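[1] Give me a 3D structure for the following:
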Amino acid sequence: VKGAVKKTVTAVHIPASVKWGGITYKVSQVSDGAFKNCKRLKKVTIGKNVSILGKDSFRGCKKLTKIVVKSVVLKKTGKSAFLKTSKNIKLYVPKNRYVKYSKKLFQGKGLAGSAKYYKTRKGN
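    A predicted model of the protein is given here:
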C-alpha cells in the first residue's frame, strides 16, 4: 500500500489481497510514510497478509484512535510508525499474538504510553 488518494480520508481498510489485471496479489506491506499526516484518519484495519508496516506510515495522524490488526504474520514495524497519533489509541490484535505485538512489535514506535491493547478472536 502506497498511501491514500486524499489526505482527508477518515477510515482505511488495508485488504489481505487485491485484484489487478485479472491477477490477485497479496498485500504484504504498508510503505514508508503511506498515511503520514492524514489528519482526519480515525480508524485503520490492517489485513491478514501484511507483514511490514513502514517507517512513519501513520505518523501525524492526530485523530487516529483505533487500529485493528488482523495479520498474524506481522514481523516489522518501522521507526516512528505511530508518532504523533492520539494518546487514547486502542489497538486490537489477534489473541495468539497479543504478547508479541503489544510488548515487542509496537513498543518504541511512537505510540503513547497510555495506548491500550485488546485481544480479538479469529474473524473479528
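[2] What segments of this structure are strands?
    Under the criterion DSSP state E, the chain carries strands at the ranges 11-14, 17-20, 23-26, 29-30, 43-46, 52-53, 66-69, 76-77, 90-94, 116-120.
[3] In TSV, list the ones you listed along with mean neighbour count, distance to residue 2 and mean pLDDT.
    To be clear about C-beta, it is placed using only N, CA and C from the backbone, and glycine gets the same treatment. As requested, the strands of the chain are arranged in TSV below (neighbours: other Cβ atoms under 10 Å; distance: least, Cβ to Cβ, whole Å; pLDDT from 0 to 100):
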stretch	mean neighbour count	distance to residue 2	mean pLDDT
strand 11-14	16	11	95
strand 17-20	10	12	93
strand 23-26	10	13	95
strand 29-30	22	9	96
strand 43-46	20	15	96
strand 52-53	24	13	96
strand 66-69	20	19	96
strand 76-77	18	18	95
strand 90-94	19	23	95
strand 116-120	15	27	94
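[4] Residue 104: which of the ones you listed is closest?
    Each of the strands of the chain was checked against residue 104 via Cβ to Cβ, and the shortest separation belongs to strand 76-77, namely 9.4 Å.
[5] neighbouring contacts of that closest one?
    By Cβ atoms under 8 Å, 6 or more residues apart in numbering, the surrounding residues in contact with strand 76-77 are 51, 52, 53, 105, 106, 109.
[6] All set, thanks.
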